[in-house]
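S.K.: All I have is the shape, not the residue letters:
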């Protein structure tokens, strides 16, 4: 019987991902026994692209959930049970799970089934709950964008970061390239959201994120949320036009 070849990451991808991770585990920041992990498993259609690759230490890799939703929205957020308990200010793991299920708008009993059974059998209810959360609060509560803090289930403007966002948009409209903006920010020692160096991908995401003009993007659909604006809608549209003129792929939505 021929052994099935694993869908490994090419050397070029591994080097870029390891550099992006700072030679640390993306979950617990360990520098030991590092491995490459598909965020979306090959069996679910995941490829070996840089976007689908994360770095995990051997321990985190061995306990990582196979479902991409749990991996991104829960597992990568917390490096230990202690961290989960402290974050939610509760007493045990059960209360953590209850708090998390409330956070995404899903009943705890449904969330328990989601964890214990086939994850895909309940993914629709999880996503439905998150869409409801977006409708109410204007944001899913995950991956807090640069320029904001997340306080009491609401996005609040971070004054220092929001000024940087305004500068990024202004510089780009005035002719600066993304590479030049990265160099300017790193030279000025302005930290990114994770207190690290800036990268082209980070700037590109900021320039394409409609959250800054009052809209929330969830599963590539646009919602008129209630996040406080950092830039106006016309500035966002102007930036998308420049991206397109330069041969890039803009994020153009129907804002009606």
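M.R.: Alright, I've got the coordinates. These numbers were taken from a predicted model, which means no experiment stands behind them.

S.K.: Tell me where this structure has helices.
M.R.: With DSSP state H, the ranges of helices along the chain come out as 11-20, 58-63, 68-73, 81-88, 93-103, 108-116, 123-137, 159-173, 178-187, 200-208, 233-245.

S.K.: Tabulate those helices (JSON lines), appending mean pLDDT and distance to residue 224.
M.R.: The C-beta positions use only the backbone N, C-alpha and C, and glycine is treated the same way. Shown next, in JSON lines, are the helices of the chain (pLDDT from 0 to 100; distance: least, CB to CB, whole Å):
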{"stretch": "helix 11-20", "mean pLDDT": "91", "distance to residue 224": "33"}
{"stretch": "helix 58-63", "mean pLDDT": "86", "distance to residue 224": "38"}
{"stretch": "helix 68-73", "mean pLDDT": "79", "distance to residue 224": "23"}
{"stretch": "helix 81-88", "mean pLDDT": "80", "distance to residue 224": "29"}
{"stretch": "helix 93-103", "mean pLDDT": "80", "distance to residue 224": "22"}
{"stretch": "helix 108-116", "mean pLDDT": "68", "distance to residue 224": "28"}
{"stretch": "helix 123-137", "mean pLDDT": "58", "distance to residue 224": "10"}
{"stretch": "helix 159-173", "mean pLDDT": "96", "distance to residue 224": "20"}
{"stretch": "helix 178-187", "mean pLDDT": "95", "distance to residue 224": "28"}
{"stretch": "helix 200-208", "mean pLDDT": "92", "distance to residue 224": "18"}
{"stretch": "helix 233-245", "mean pLDDT": "94", "distance to residue 224": "11"}
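
S.K.: Redo those helices as TSV? Include distance to residue 27 and mean neighbour count.
M.R.: Putting the helices of the chain into TSV (distance: least, CB to CB, whole Å; neighbours: other CB atoms under 10 Å) gives the following:
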stretch	distance to residue 27	mean neighbour count
helix 11-20	14	14
helix 58-63	5	14
helix 68-73	10	18
helix 81-88	10	14
helix 93-103	16	16
helix 108-116	18	14
helix 123-137	21	16
helix 159-173	24	17
helix 178-187	25	16
helix 200-208	20	18
helix 233-245	32	16
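
S.K.: nearest to residue 149, of the ones you listed?
M.R.: Ranking those by their distance to residue 149 (criterion: CB to CB) puts helix 159-173 first, at 8.5 Å.

S.K.: and the closest one, how far from the chain's centre?
M.R.: From the chain centre to the centre of helix 159-173 is a distance of 20 Å (CA atoms, centre = their mean, to the nearest Å).

S.K.: for stretch 240-248, same thing?
M.R.: 24 Å.

S.K.: Appreciated, that's everything.
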